[in-house]
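**Student:** Here is my input, please return the structure:
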Amino acid sequence: GANRVTALEQSWETHFEREAGPNAFARPFSEFAPRLNTQDTDWRPLMLFYGSSVESGRRIMVSSLTPEYSTGKRIFRDSYDLYELMCSGKVNRGAAGKSDCVCKRGAKGEPALPVCDIKLSTAVTTSARFPGISASGRILNARRTPVARVVDGGYFDYFGITTAIELAEVVANENTDLDPLVVLISNDPGAFPEACSGLRSAKTAPAETPPGDKLFRLLRDPLDTVLNSRIARARHAAASAGEPKGGRVQYKQIIVCPRKDGVDQFENLSMSWWLSLPVQEYLHNQLFEPHNQKAFEDILEPQPKRKQ
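**Tutor:** Numbers count the residues shown, from 1 in each chain. Next up is the predicted model:
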């Protein structure tokens, strides 16, 4: 339940402080926003997290970006912005129970949201709330009224490719000197079997599952369909991103293949790889597989200058 999520966030905060010093995970998310007009040593990456809305299935974005860019269009199409939801429902000054959520964007070069904030650990769990393991999260507005419930972002896009491509397209449109490159790094051994040598093509239909009990299948099939569809949508987004469209946004992927077990037999790797040295070694060796080496070469290859 909710206590489990809180305990998870606190464990991240405690472990990070023990291993790395100052407790970054417990600090406000806005403190990690990229700064403008600073020295190169102050460079920060832009962090994006998203969950899925229980009510609509749409993304709930958590980032220091304003939801709209120069043209007035939203950066992430058909999505909610966490801070917009938190700042909805205005509270009159001096009213009883006034919220501490003062909703405004920071000045140029300053944190995007100096107040009305969440911890970094909470931003991370917003995208990692898988039902049955972690409870859904409630988002409260400025009146402390629930306005949305959020679960794992993987329900919308298992890999996050849709979000990355949308941001890259906006960057390319806003700055003609930049050619964005989106790199997917996946440690799911079953995600891209067609890219692995010796595995069946994606054109081959999956093997049929045993019939099983009809009543059991009646209850189980809808759940299996939902869970497998989220991966299928992500694979479709990856396939679309990899198709040349004549634009300036490029896409590459670094992936892990299943482990071969006998003749034409493959098994998925244990997802508890951090507990297994042999699995860690297998993952490391995957970097030298032909499909990943080709991706590395493409990523590192200098891009030709465009004609002005």
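
**Student:** Which strands or helices does the helix ranked longest in the chain pack on?
**Tutor:** Secondary structure assigned by DSSP state H gives helix 214-242 as the longest helix of the chain. Here helix 214-242 is seen to pack against helix 161-174, strand 250-254 when contacts are counted using 3 or more CB pairs under 8 Å, 6 or more residues apart in numbering; DSSP states H and E. Placement of C-beta: from N, CA and C, glycine included.

**Student:** And that helix, what's buried?
**Tutor:** By neighbour count on 16 or more other CB atoms under 10 Å, the buried set for helix 214-242 is R230, I231, R233, A234, R235, A237, A238, A241.

**Student:** Among those residues, which one lies nearest to S70?
**Tutor:** S70 lies nearest to A241 out of the buried residues of helix 214-242, by CB to CB, at 23.9 Å.

**Student:** For that closest one, which non-adjacent residue is spatially closest?
**Tutor:** The shortest distance from A241 to any non-neighbouring residue, by CB to CB, 6 or more residues apart in numbering, is to Y251 (4.0 Å).

**Student:** now swap in V171 and tell me
**Tutor:** Take V171 and drop its neighbours on the chain: the residue closest to it by CB to CB, 6+ apart is P180, 5.0 Å away.

**Student:** May I ask you to confirm that that neighbour is in contact with Q250?
**Tutor:** Yes - in this structure, P180 is within contact of Q250 by CB atoms under 8 Å, at 7.2 Å.

**Student:** hang on, the earlier thing: the residue nearest to V171: how many residues sit nearby?
**Tutor:** Number of residues near P180 (other CB atoms under 10 Å) recorded here: 18.

**Student:** Need the per-residue pLDDT for it.
**Tutor:** Listed pLDDT for P180 reads 90.

**Student:** got a list of what it touches?
**Tutor:** Shown in contact with P180 (CB atoms under 8 Å, 6 or more residues apart in numbering): A168, E169, V171, A172, R248, V249, Q250.

**Student:** swap the cut-off to 6 Å and go again
**Tutor:** Residues near P180 by CB atoms under 6 Å, 6 or more residues apart in numbering: A168, V171, A172, V249.

**Student:** From I165, how far out is it?
**Tutor:** 9 Å (CB to CB, to the nearest Å).

**Student:** same thing with T145?
**Tutor:** Taking CB to CB, one finds T145 at 34 Å from I165.

**Student:** Out of these two, name the residue with the larger neighbour count.
**Tutor:** Remark: of T145 and I165, I165 carries more neighbours, 18 against 10, as counted by other CB under 10 Å.

**Student:** Apart from its neighbours in sequence, what residue is nearest the more buried one?
**Tutor:** A241 (5.4 Å).

**Student:** Assess the claim that Y155 and S52 are in contact.
**Tutor:** Yes - Y155 is within contact range of S52, at 4.0 Å (criterion: CB atoms under 6 Å).

**Student:** Restricting to C-alpha, output the helix or strand where E13 lies in PDB.
**Tutor:** In this structure, E13 sits in helix 2-20 according to DSSP states H and E. Written as PDB, here are the backbone C-alpha positions of helix 2-20 (Å, rounded to 0.1, in the frame of the first residue of the first chain):
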ATOM      1  CA  ALA A   2       1.000   3.600   0.500                       C
ATOM      2  CA  ASN A   3       3.200   2.800   3.400                       C
ATOM      3  CA  ARG A   4       5.200   0.400   1.200                       C
ATOM      4  CA  VAL A   5       5.800   3.200  -1.300                       C
ATOM      5  CA  THR A   6       6.900   5.600   1.400                       C
ATOM      6  CA  ALA A   7       9.300   2.900   2.800                       C
ATOM      7  CA  LEU A   8      10.700   2.400  -0.700                       C
ATOM      8  CA  GLU A   9      11.300   6.100  -1.200                       C
ATOM      9  CA  GLN A  10      13.000   6.400   2.300                       C
ATOM     10  CA  SER A  11      15.200   3.300   1.500                       C
ATOM     11  CA  TRP A  12      16.500   5.000  -1.600                       C
ATOM     12  CA  GLU A  13      17.200   8.200   0.300                       C
ATOM     13  CA  THR A  14      19.000   6.400   3.100                       C
ATOM     14  CA  HIS A  15      21.000   4.100   0.800                       C
ATOM     15  CA  PHE A  16      22.000   7.000  -1.500                       C
ATOM     16  CA  GLU A  17      23.200   9.100   1.400                       C
ATOM     17  CA  ARG A  18      25.200   6.200   2.800                       C
ATOM     18  CA  GLU A  19      26.900   5.400  -0.500                       C
ATOM     19  CA  ALA A  20      27.200   8.900  -2.100                       C
END
